[in-house]
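Colleague: Could you look at this predicted model? Sequence included:
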Amino acid sequence: MITITASGISPDDLIAVARANARVTLAPDALDAMRASRAIVDAIERDGRPVYGVSTGFGALANTFIAPERRAELQHALIRSHAAGVGAPMPREVVRAMMLLRIRSLAMGRSGVRPEVAQALAELLNADITPWVPEHGSLGASGDLAPLAHCALVLIGEGWVLAKDGTRVSALDAGVSPIQLSSKEGLALINGTDGMLGMLLMAIEDARHLFTMADVTAALSIEAMLGSDRPFMPELHAIRPHPGQAASAANIHRLLQGSPIMDSHRDDLAHAVQDAYSMRCAPQVAGAARDTLEFAATVAARELRSIVDNPVVLTDGRVESTGNFHGAPLGFAADYLAIAAAEVGAIAERRVDRLLDVTRSRDLPPFLTPDAGVNSGLMIAQYTAAGIVAENRRLAAPASVDSLPTSGMQEDHVSMGWAATKKLRTVLDNLCSILAVELLAAVRGIQLRAPLEPSATGRLAVATVEQFAGGPGPDVFLAPVMEAARGLVGSRELRQEIERVAGHLS
């Protein structure tokens, strides 16, 4: 059970709710904060003061006064009109993250909503009811208006719900008990960066794992290509003190120890004096990606402590308009991380190509097949990796520079943070596929070095991959093998087994 307090939640809380179906509850201090905030809005209504979002229209209609008897109608109309997305539904985990983060912001007590509104969202999460949220609609300024409106529409008994089989059903058919919104509440439900933040937090979680797995596959490739472990010695990275580089180098160096394959050429003066950049500079690239990841995590952590709404209800009774809904911090961070993740994949694909090239692989057979000609080995697996690298390069182009004005030029600069975080998820998914190809190629290369024995990590990787890929021999149907390797890279199981034999990996 995740308890949402007036001070917020943690990234681990979000992962638990979005991906592990954890239930949620509101803490007493959160309920008290919302009641106090709502009392201020009720007082404004009684006094008849003009306040944006309470007694006025929205966006370009902010100067239009709304009569008291029509203010609840205004909130419902706002939700209906803003639920204007199109396209395929967003994944369930994204929608659950959005709902949790909206509850989190409301629970901080600066939005002027009744506790019943936040509780109704929590009940949707606990009942495993997921609104159907189309992928297109958010510009990432005034928050994720359209996606959050699709969530809010379900609260009032309208809109669509994502069924277990992937189809959509009406909110009422899904068993939703509608609530009635009061003044300010519709606006408070949709004016947030929750979609962007949810996707960024999950991307950070995934990137942490994949960047470590990139060190694993790099070490396996270096071992298979008879590379040197000397460039990864800690003293060489202490003189260029980028923390991510040092962590990545330490991982690779640790994984290569105790390897008879590495020992076989350690004192061979005829061996290559310097390895290619894709091997020798692996920590410099993966390490820079790690440092980029830490920047993104810092931004996300700040946003997770933030109250994102407009207007906000201050504890001294003022209701003030803000620009805190603008997603630029999240969009910039996501774009930066997408560039870094794309390069982690790009350098991994270069190692795959080197493993398959008989002129550069140090005596491995062409395309890692012992019977080249009749058999093509992993030739086309490298095509797939190269194609994905090219796609990631296109996706690495920043979305956050693509602002387009909207709402009659009232919202004349937008963040495109939704697009930035959404494509970041695709880049990371693609990175998982590239690393899966490298895992297959590196393991095959190590197998072909027999009777030389690999490191403990290499032996474990070979034993695990052999279960679904077999050993060197005639060509097989590769797609299911690649899918299995992808599952292995994406899951935590192989990494956990490697850490049991090699020690903790950063």
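Modeller: Yep, that arrived. Residues are numbered from 1 along each chain as shown.

Colleague: Make sure Thr421 is actually in contact with Asp335.
Modeller: No: applying Cβ atoms under 8 Å as the test, Thr421 and Asp335 come out as separate, 9.2 Å apart. Every C-beta, even on glycine, is put in place using the N, C-alpha and C of the backbone.

Colleague: Have a look at the two and say which one is more surrounded.
Modeller: Taking neighbours as other Cβ atoms under 10 Å, Thr421 and Asp335 compare with Thr421 leading, 33 against 25.

Colleague: residues in contact with the nearest residue to the more buried one once chain neighbours are set aside?
Modeller: The spatially closest residue to Thr421, leaving aside those adjacent along the chain, is Met199, at 3.8 Å (Cβ to Cβ, 6 or more residues apart in numbering). Neighbouring residues of Met199 by Cβ atoms under 8 Å, 6 or more residues apart in numbering: 94, 97, 334, 418, 421-422, 424-425.

Colleague: Swap in 10 Å and give it another go.
Modeller: 18, 90-91, 93-94, 97-98, 144, 330, 334, 417-418, 420-425 (Cβ atoms under 10 Å, 6 or more residues apart in numbering).

Colleague: circling back: could you tell me which residues touch both of Thr421 and Asp335?
Modeller: Joint contacts of Thr421 and Asp335 (Cβ under 10 Å, 6+ apart) are Ala399.

Colleague: which ones among the contacts of Met199 are found in helices?
Modeller: Among the contacts of Met199, the ones falling in helices (DSSP state H) are 18, 93-94, 97-98, 330, 334, 417-418, 420-425.

Colleague: which of the residues you listed lies closest to Asp47?
Modeller: Met98 (34.0 Å; Cβ to Cβ).

Colleague: give me the number of residues near that closest one?
Modeller: When neighbours are counted by other Cβ under 10 Å, Met98 registers 28.

Colleague: can you tell me how far it sits from Val17?
Modeller: 11 Å (Cβ to Cβ, to the nearest Å).

Colleague: which neighbours do the two share?
Modeller: Applying Cβ under 10 Å, 6+ apart, one finds that Met98 and Val17 are jointly contacted by Gly198.

Colleague: if we can go back for a sec, where's the residue nearest to Thr421, which helix or strand?
Modeller: Assigned by DSSP states H and E, Met199 belongs to helix 194-224.

Colleague: Tell me where the model's unsure across the stretch 251-400 of the chain.
Modeller: Where the stretch 251-400 of the chain drops to pLDDT under 70, the residues are 269-273.

Colleague: So which residues of it form helices?
Modeller: 260-263, 277-280, 282-304, 328-356, 379-395 (DSSP state H, counting those that start in this stretch).

Colleague: could the ones you listed go into CSV alongside distance to Arg459?
Modeller: Shown next, in CSV, are those (distance: least, Cβ to Cβ, whole Å):
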stretch, distance to Arg459
helix 260-263, 10
helix 277-280, 21
helix 282-304, 21
helix 328-356, 18
helix 379-395, 23
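
Colleague: Let me know which of those is tucked in deepest.
Modeller: Of all the helices of the stretch 251-400 of the chain, helix 328-356 has the most neighbours on average by mean count of other Cβ atoms under 10 Å, namely a mean of 25.

Colleague: Give me the distance from that one to the chain's centre.
Modeller: Chain-centre distance of helix 328-356: 14 Å, with Cα atoms, centre = their mean, to the nearest Å.

Colleague: Quick check: which helices or strands does that helix pack against?
Modeller: Helices and strands touching helix 328-356, by 3 or more Cβ pairs under 10 Å, 6 or more residues apart in numbering; DSSP states H and E, are helix 194-224, helix 277-280, helix 282-304, helix 379-395, helix 417-447.

Colleague: Enumerate every residue touching Met262.
Modeller: 222-223, 226-229, 256, 452, 454-455, 458.
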